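# Test case, fold it:
(4 chains)
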Protein chains: 2
Amino acid sequence: MRAPYGLNILDNCLTCPVREEHLFCNLSVHAGQRLNEIKSTAVYPKGAMLFIEGQQPRGIFVLCAGKTKLSTSSREGKTIITKISDSGDVLGLNAVISNRPYEVTAEMMEPGQANFIPRDSFLQFLKEQGEVALRVAEQLSRNYYTAYEEIRTLGLATSPSEKFAKLLLSWSTKTPQNDGSSQVKLTLTHEEIAEIIGTTRETVSRLFSEFKKRQLLQLKGSTLIIRNRPALEKIVQS
Amino acid sequence: MRAPYGLNILDNCLTCPVREEHLFCNLSVHAGQRLNEIKSTAVYPKGAMLFIEGQQPRGIFVLCAGKTKLSTSSREGKTIITKISDSGDVLGLNAVISNRPYEVTAEMMEPGQANFIPRDSFLQFLKEQGEVALRVAEQLSRNYYTAYEEIRTLGLATSPSEKFAKLLLSWSTKTPQNDGSSQVKLTLTHEEIAEIIGTTRETVSRLFSEFKKRQLLQLKGSTLIIRNRPALEKIVQS
DNA sequence: CAGGGGTGGTGACGGTGATCACAGGCCCAA
DNA sequence: TTGGGCCTGTGATCACCGTCACCACCCCTG
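Residues are numbered from 1 along each chain as shown, chains lettered A, B, ... in the order given. As a prediction, this is how the structure comes out:
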């Protein structure tokens, strides 16, 4: 019996869309074998925490199925979501490489599956496999650019509407239609969107109303239709 | 004739405080020699731009003398300063490694000197020298954590006073005195501080007044005396 | 079917910080 | 000495958005 998603990193690689950033795709046969020896697979329910901000790094997680919410919180309970990770993403890499505590909390947003590689085995693996070490450096560099984009969003955009528009655009680019609009399945609550753009649930709610009124977007059930990208880009301006 | 600061990376290494994060200190003799072959040194006036956000990466800069302001701007002209770099720091590393445009602008805040290593030579150098590649990965990882700290500051701290207190504390930790206070030479204008914490010059000015009144800090000429760290920490709370 | 938890809409209110405006200070160069 | 930049302080104003409050859903599960 077999889960519909691959239980094996290499298998999974074959089924997932080809993206260079998939750290462990297209490895040499030998490296792939070693990888399968040191990894273990687990299934997680919705709400499961892969790791929590501040914990010592136990290892890295390679997401096979399910979305994961990466977030960081202040003591008073304010939370910001820094990234929604998807199948194929590698989580906890920075913490493991630099041996510092996990800088975020990783929580499953839906039932899913992940491969786990313990820290020691992984570092050992890296020493043996030069080609993978290079991939890791590139991945770290990508993570850095993502973080920087976040800084620009939080620091340069002043109004919530600007950040909201930016978020909509980032969704929209993934599913372009030929008529200029695009559709996205909306899986986030207003609360979660608020935590992404750093505002309150009420404000997000009002932003949806406003943008609907201004014909920038449209909601059909849980699918979000983004009309008028140019207008959104004008709001963003940066 | 010789500048007071080292013209040579290795010389400079000897004169600068010993910190592991100095990428090119304590290398093997061979690696050091290669490094000196591919580097070139230049002196820069105040206001000089080492590189500008969006440019293709030409190479990395190792700062020998002078402070550098790293910043990113939006189209409308709003600017945030993400870091003040000091002697010993390596600039442009991420861009060079990942071959993406510089993500920030680096501007000399005072006259200074830097070693430049062209992209191609540097990448070649990395391939030859495994030990340095590892250092680079560690440095990238440190950069990432710095960026993350920035995200937490911008995203989680709500009021300007919170961010201001946080900034003061980050200065204060560098120069602890035995009585709990600490002194810092204040080299930034209110405008620049505003760009660091993402607010306006006027607000910074008012914050200084307020904090002086509350006995949190004191100004003697251009030296800033930070009294009462605990109170500042209470303001930060996160 | 009722009850309840999670979610979404919307009104009212008030604090806060951005914006504008202006005045005084400092430093350097002519 | 006298300008003219830049920097700093501070008042007045006002839009905006966070906060609180409440209600209407929707979808469970009992």
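
# The spatially most central residue of chain A: what's it in contact with?
In chain A, the residue lying closest to the centroid (Cα atoms, centre = their mean) is residue A:85, at 2.1 Å. Counting by Cβ atoms under 8 Å, 6 or more residues apart in numbering or on different chains, residue A:85 touches A:63, A:67, A:68, A:69, A:70, A:91, A:106. (Each C-beta comes from the backbone N, C-alpha and C, glycine too.)

# SS state for the fourth one?
Judged by DSSP: H, G, I helix; E, B strand; the rest coil, the three-state class of residue A:69 is strand.

# For the strand or helix carrying residue A:230, buried residues please.
Using DSSP states H and E, residue A:230 sits within helix A:229-236. Going by neighbour count (16 or more other Cβ atoms under 10 Å in any protein chain shown), the buried part of helix A:229-236 is A:229, A:232, A:235, A:236.

# quick one: is it near chain B?
No. Counting by Cβ under 8 Å from any Cβ of the partner chain, no contacts exist between helix A:229-236 and chain B, the nearest distance being 9.3 Å.

# go on, stretch A:95-104?
Yes. Counting by Cβ under 8 Å from any Cβ, chain B has neighbours in stretch A:95-104: A:97, A:98, A:100, A:103.

# Contacts for that stretch next, please.
With contact meaning Cβ under 8 Å, 6+ apart, stretch A:95-104 is reached by A:51-57, A:59-60, A:70-72, A:82-83, A:92, A:94, A:119, A:122-123, A:136, A:140, B:137-138, B:141-142, B:144-145, B:148.

# how about that stretch: buried residues?
Within stretch A:95-104, the residues scored as buried using 16+ other Cβ under 10 Å are A:95, A:96, A:97, A:98, A:102, A:103, A:104.

# For it, what is the distance to the chain centroid?
Put simply, stretch A:95-104 sits 17 Å off its chain's centre (Cα atoms, centre = their mean, to the nearest Å).

# and the end-to-end length of it?
Terminal residues of stretch A:95-104 are spaced 9 Å apart (Cα to Cα, to the nearest Å).

# hmm, back to that, closest to chain B out of the contacts of residue A:85?
residue A:70 (10.9 Å; Cβ to the nearest Cβ).

# Is residue A:35 in contact with residue A:27, as I believe?
Yes. Contact between residue A:35 and residue A:27 holds when scored by Cβ atoms under 8 Å: they sit 6.9 Å apart.

# Of these two, which one has the most company?
Just comparing residue A:35 and residue A:27: by other Cβ atoms under 10 Å in any protein chain shown the higher neighbour count belongs to residue A:35, 23 against 19.

# Can you verify that one is assigned to a helix?
Yes. If the criterion is three-state DSSP, then residue A:35 is within a helix.

# Can you give me the buried ones in stretch A:201-208?
Residues of stretch A:201-208 classed as buried: A:203, A:204, A:207, A:208 (neighbour count, 16+ other Cβ under 10 Å).

# Please look at the last one and residue A:189 and confirm they touch.
No. Taking Cβ under 8 Å as the contact criterion, residue A:208 and residue A:189 are not neighbours in contact, 11.7 Å apart.

# Look up the residues that both of these two are in contact with.
Common neighbours of residue A:208 and residue A:189 (Cβ under 8 Å, 6+ apart) do not exist.

# Give me the residue ranges of chain A where confidence is low.
Scanning chain A with the threshold set as pLDDT under 70 gives A:1-22, A:174-176, A:178, A:180, A:238.

# Mind jotting down where the strands sit in it?
A:40-44, A:49-51, A:59-65, A:68-73, A:79-85, A:90-91, A:105-108, A:112-118, A:182-185, A:217-220, A:223-226 (DSSP state E).

# will you turn these into JSON lines that also has distance to residue B:163?
Formatted as JSON lines, the strands of chain A follow (distance: least, Cβ to Cβ, whole Å):
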{"stretch": "strand A:40-44", "distance to residue B:163": "36"}
{"stretch": "strand A:49-51", "distance to residue B:163": "28"}
{"stretch": "strand A:59-65", "distance to residue B:163": "32"}
{"stretch": "strand A:68-73", "distance to residue B:163": "16"}
{"stretch": "strand A:79-85", "distance to residue B:163": "15"}
{"stretch": "strand A:90-91", "distance to residue B:163": "29"}
{"stretch": "strand A:105-108", "distance to residue B:163": "23"}
{"stretch": "strand A:112-118", "distance to residue B:163": "36"}
{"stretch": "strand A:182-185", "distance to residue B:163": "33"}
{"stretch": "strand A:217-220", "distance to residue B:163": "32"}
{"stretch": "strand A:223-226", "distance to residue B:163": "33"}
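
# and DNA strand C, which of the ones you listed is closest to it?
Ranking those by distance to DNA strand C, with Cβ to the nearest atom of the strand as the measure, places strand A:217-220 first at 7.3 Å.

# I'd like to know which elements that closest one is packed against.
helix A:201-213, strand A:223-226 (3 or more Cβ pairs under 8 Å, 6 or more residues apart in numbering or on different chains; DSSP states H and E).

# at 10 Å instead, please
Packing partners of strand A:217-220 (3 or more Cβ pairs under 10 Å, 6 or more residues apart in numbering or on different chains; DSSP states H and E): helix A:160-172, strand A:182-185, helix A:201-213, strand A:223-226.

# now, of the ones you listed, which is deepest in the fold?
helix A:160-172 (a mean of 20; mean count of other Cβ atoms under 10 Å in any protein chain shown).

# who does it touch, helix- and strand-wise?
Right, helix A:160-172 is packed against helix A:130-156, strand A:182-185, helix A:190-197, helix A:201-213, strand A:217-220, strand A:223-226, helix A:229-236 by 3+ Cβ pairs under 10 Å, 6+ apart.

# could you dump the ones you listed to CSV with distance to DNA strand C?
Converted to CSV, those look like this (distance: least, Cβ to the nearest atom of the strand, whole Å):
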stretch, distance to DNA strand C
helix A:130-156, 11
strand A:182-185, 13
helix A:190-197, 3
helix A:201-213, 4
strand A:217-220, 7
strand A:223-226, 11
helix A:229-236, 16
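
# Between those, which one is closest to residue B:216.
Residue B:216 lies closest, by Cβ to Cβ, to one member of these: helix A:130-156, at 24.6 Å.

# How about the closest one and DNA strand D, touching?
No. Helix A:130-156 stays clear of DNA strand D (Cβ under 7 Å from any atom of the strand), getting no nearer than 11.9 Å.
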